[in-house]
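Visitor: Okay, structure incoming, though there's no sequence with it:
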């Protein structure tokens, strides 16, 4: 789906305030309510807008610590990866899990109440998953940045002299003729 400036403006308003009324969104982006609503529905239907949610402060629920776990599996068969993903899905404290490149197979972000809670989670859940070869845990000391996805539209690269010349345009050096 190609997004135009109105779509991006709508996404920016909703990203900053998902509770904004249709009237407010329409006014901020310069569209009447019907075309604005049609664009929102289209972006929902096409999966650009994946849902409507609320951000909750984990500390308000007692989850005062975040742990980043890097993990390697013994095997990388489809069955192993599927079973591992299903096991992680059953652990509510696992906030995010990504298959990554590099020295480890997975990067997992986990919310815990404290170090004892993390020890409990390791014993009762994570280390009971078959096939884990190695893991390394790091407690987040401070989050420096936590931002939503940027809403900039990628622009094509400006033509270079070489590409312009190849396309039939004159380069700067080739545009002058020498007079005798």
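Guide: Great, that's in hand. Because the structure is predicted, anything quoted here is derived from the model rather than measured.
Visitor: Which pLDDT value does the model give residue 71?
Guide: Per-residue confidence (pLDDT) for residue 71: 96.
Visitor: ditto for residue 151
Guide: Residue 151 is given a pLDDT of 88.
Visitor: Three-state assignment for it, please.
Guide: Under DSSP: H, G, I helix; E, B strand; the rest coil, residue 151 falls in the coil class.
Visitor: how near is it to residue 37?
Guide: Separation of residue 151 from residue 37 (CB to CB, to the nearest Å): 20 Å. C-betas here are computed from N, CA, C, even on glycine.
Visitor: same question, residue 43
Guide: Computed as CB to CB, the residue 43 to residue 37 distance reads 11 Å.
Visitor: Those two: which is more packed in?
Guide: Set side by side, residue 43 and residue 37 show more neighbours around residue 43, with 18 against 15, by other CB atoms under 10 Å.
Visitor: Identify the residues contacting the residue positioned nearest the centre of the chain.
Guide: By CA atoms, centre = their mean, the mean C-alpha position of the chain lies nearest to residue 149, the distance being 6.2 Å. Neighbouring residues of residue 149 by CB atoms under 8 Å, 6 or more residues apart in numbering: residue 15.
Visitor: same thing but at 10 Å, please
Guide: When contacts are counted by CB atoms under 10 Å, 6 or more residues apart in numbering, residue 149 touches 11, 15.
Visitor: for residue 50, same thing?
Guide: Neighbouring residues of residue 50 by CB under 10 Å, 6+ apart: 43, 44.
Visitor: quick one: secondary structure of it?
Guide: Put simply, residue 50 is coil when judged by three-state DSSP.
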